[in-house]
Every structure is written in structure tokens, then in C-alpha cells.
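J.: model this:
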Amino acid sequence: MTKPALVVMAAGIGSRYGGLKQIEPVGSNGELLIDYSLFDAKRAGFEQVIFIINHKIENEFKQHIGDRIAQHMNVEYVYQELNSQLPDKTICPADRIKPWGTGHAVLCCKALLNGPFAVINADDYYGRNAFAQIYNTLKNAQDTAPHQWCMVGYILENTLTDFGYVSRGVCSVTQDHKLSGIVERVRIEKTANGVEYSEDGGCTFQPLCPSSVVSMNLWGFTSPGIFNELEAGWADFWRKNVPEKPTTAEFYLPSVVGTALGNNKAQVQVLQCTDRWYGITHPQDKPALSNAIAQMVSNGLYPSRLWG
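T.: Numbering: from 1, shown residues only. Model prediction:
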């Protein structure tokens, strides 16, 4: 049986952060945030990692991350470019700059995956327990009908920043820990009224329950099933969304999952995690993250020098 692989989405250019946040050191010995995720993934059992990047950051990414990780894990690269995996008879809008989104990123990995795999963001801290749970769930996963997928769910209030807004997939979960629905909220933030989200760029807000279960894009999938769903959703996205918003529309991975759920083509087990999320969404996030990492090292969760 094929061992689960790890897919790392790292093609984003960090527009809100103001730079290539994937190479910001956060550990006392220059460790990057992705180092902690990969360290946790490796000790959970993952051996293969596929980095999704784009050619604009290729040299810098390999220099600071990929070449070093290749000494400890099997490393491969996939390039998410605007012209990658376009449906037949479609042409990328001439003034499109923004990447096509997380669904497109994973679709770009199709040629490299023939078994179960997990997906993470490069700029989020997930915690040791999250990787152990998803690896143990995936190691015996098979591509059946309906698809048997999984995700790690976090408590919304544990995933917010004090310095702006974040994007989260807000989940509906059944009593037996199955995902019944997911809605992508692209602007969630702390306001004077509590936790709220906006759908019009911050002009108006609606409340969100702080204890809501949210996705941090830590998903577990089986192939080829997920790629069949991604291809169908990608073609539909081009028919419905691109003509209306050619420069800004994004193809979200959670939306594909939600469609598969709605069509009874998938079941998604929600693996519950109560750990606090840490990430670098805004420059002001870095000091709190570095302090949290230092405390975890002090508590023995990580060695002071990760890779020896």
C-alpha cells in the first residue's frame, strides 16, 4: 500500500504580509515556520513532500527550504502557474496576476499522486497532534465510492490574528464527526462586536460563533477520486466564475469538497484539534509566533535545533 504523501501549498506571494513570508525565520536557530510542520509530519510518518510553488519564487524557495528538507524527506516540486491545467478551449485572461486558488494548486499535483495524501499551507502552524491524526487516518485509506476523505478541524477563536483578517472554511459537523457542509469566508476578523465576517470587503459584517469548527486547509484525500472532483469543479468554475471576475475569482479546495458532499459523492471525517493555530498572515504576527515557538521548545515539544 502506498504511504501517504504530504502536499505543501506554497505558491502564494504573501500579498497581505508584504513579502515572501515562507522564508521568515521564527525559531532561535533560524528555523522557518514550515520547518515545524515538516518536522511534525516526518515524525508522524510522512516521507514524501510535494511543494507547490511558482517559478517566480523557485530559486529562493529551494535555497531557503527545499534543498535543506531534501536531506530529510523525499522532495518533489509542482509549479502552479496561471496557464497550468486550463480546461480545453480556455485562455488565461491577459491581465490575470493572482493565482487561481487552492483547488487549482492541488489539481496541479495530479501527475505525481496515486495514493492517499494530506494537504497543508506553507504559512500555518498545525501542531504535532494534527499530523499524527491525519497520517494514522490516511495510512489505510482507499479510494472507494463514496470517497473517504478527512480533515483536521480547529476552533475558530483559536485561529484568529489580532492584526487583521483571515480566510477560513467554516464547517458544519454532525454528532458523529462527519463534515456536512463548508462555507469559505474570505474575511474573518475580531471586531468591537466579537468575531465577525464580511462579504463586501469590510463594509458590513455578520457575526460568527467563536466556537465554530473551521478548516485550516489540513485535508486528507484519496486519489484519483479527488482529482476527478477537482477537474469537474475546475471546468464549472471557468464557465460560471471566470467570465464574471476574470482577475479575482478563485477556485477554492473547500468548495470542491462541499460540492462532493452535496452530491453524496464523499464522506469527510473531521479530526478534532483543540491546539492553537499560529501563522504569519500579517507582519505583526511574527513576534507572537516566535514567542510561542520558544515556549514549545522550552516545554520539550521541539528540540532547540530541529534538524540536528
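J.: what ranges do the strands span in the stretch 101-250 of the chain?
T.: 117-121, 124-125, 147-155, 166-173, 179-191, 194-197, 206-207, 213-221 (DSSP state E, counting those that start in this stretch).
J.: of the ones you listed, which is nearest residue 29?
T.: Proximity to residue 29 (C-beta to C-beta) singles out strand 124-125 among the strands of the stretch 101-250 of the chain, at 16.8 Å. Yep, even glycine has a C-beta here, placed from its N, CA and C like the rest.
J.: tell me what that closest one is packed against?
T.: Applying 3 or more C-beta pairs under 8 Å, 6 or more residues apart in numbering; DSSP states H and E, we find strand 124-125 packed against helix 33-44, strand 278-279.
J.: lowest average pLDDT across those?
T.: With a mean of 84, strand 278-279 has the lowest mean pLDDT of those.
J.: burial check on residue 92, number of neighbours?
T.: Residue 92: 14 surrounding residues under other C-beta atoms under 10 Å.
J.: what residues of the lengthiest helix in the chain count as buried?
T.: Counting by DSSP state H, the longest helix found in the chain is helix 225-240. By neighbour count with 16 or more other C-beta atoms under 10 Å, helix 225-240 contains the buried residues 225, 226, 227, 229, 230, 231, 233, 234, 237, 238.
J.: do stretch 76-87 as well
T.: Residues of stretch 76-87 classed as buried: 76, 78, 80, 81, 84, 85, 86 (neighbour count, 16+ other C-beta under 10 Å).
J.: report pLDDT for the last one.
T.: Same thing as residue 86. We have a pLDDT of 97 for residue 86.
J.: ditto for the second one
T.: At residue 78, the predicted lDDT confidence score is 97.
J.: quick one: it is in a helix?
T.: No: read with DSSP: H, G, I helix; E, B strand; the rest coil, residue 78 is strand and lies in no helix.
J.: list the contacts for it?
T.: 50, 51, 52, 53, 108, 109, 112 (C-beta atoms under 8 Å, 6 or more residues apart in numbering).
J.: any idea how far it lies from residue 57?
T.: From residue 78 across to residue 57, the span is 13 Å (C-beta to C-beta, to the nearest Å).
J.: just after the helix or strand where residue 257 lies, pick out the following helix or strand.
T.: Using DSSP states H and E, residue 257 sits within helix 253-262. As assigned by DSSP H and E, the chain's next helix or strand after helix 253-262 is strand 266-273.
J.: helices or strands up against that next one?
T.: Counting by 3+ C-beta pairs under 8 Å, 6+ apart, the packing neighbours recorded for strand 266-273 are helix 128-138, strand 147-155, strand 179-191, helix 253-262.
J.: run the chain-centre distance for that strand.
T.: In this view, strand 266-273 has its centroid 15 Å away from the chain centroid, taken as C-alpha atoms, centre = their mean, to the nearest Å.
J.: could you pull up phi and psi at the residue located most distally from the centre of the chain?
T.: Relative to the centre of the chain, the most outlying C-alpha is that of residue 89, 29.3 Å out, by C-alpha atoms, centre = their mean. For residue 89, the backbone dihedrals (degrees, to the nearest 10) come out as phi 60, psi 30.
J.: okay, it: pLDDT?
T.: Reported pLDDT for residue 89: 91.
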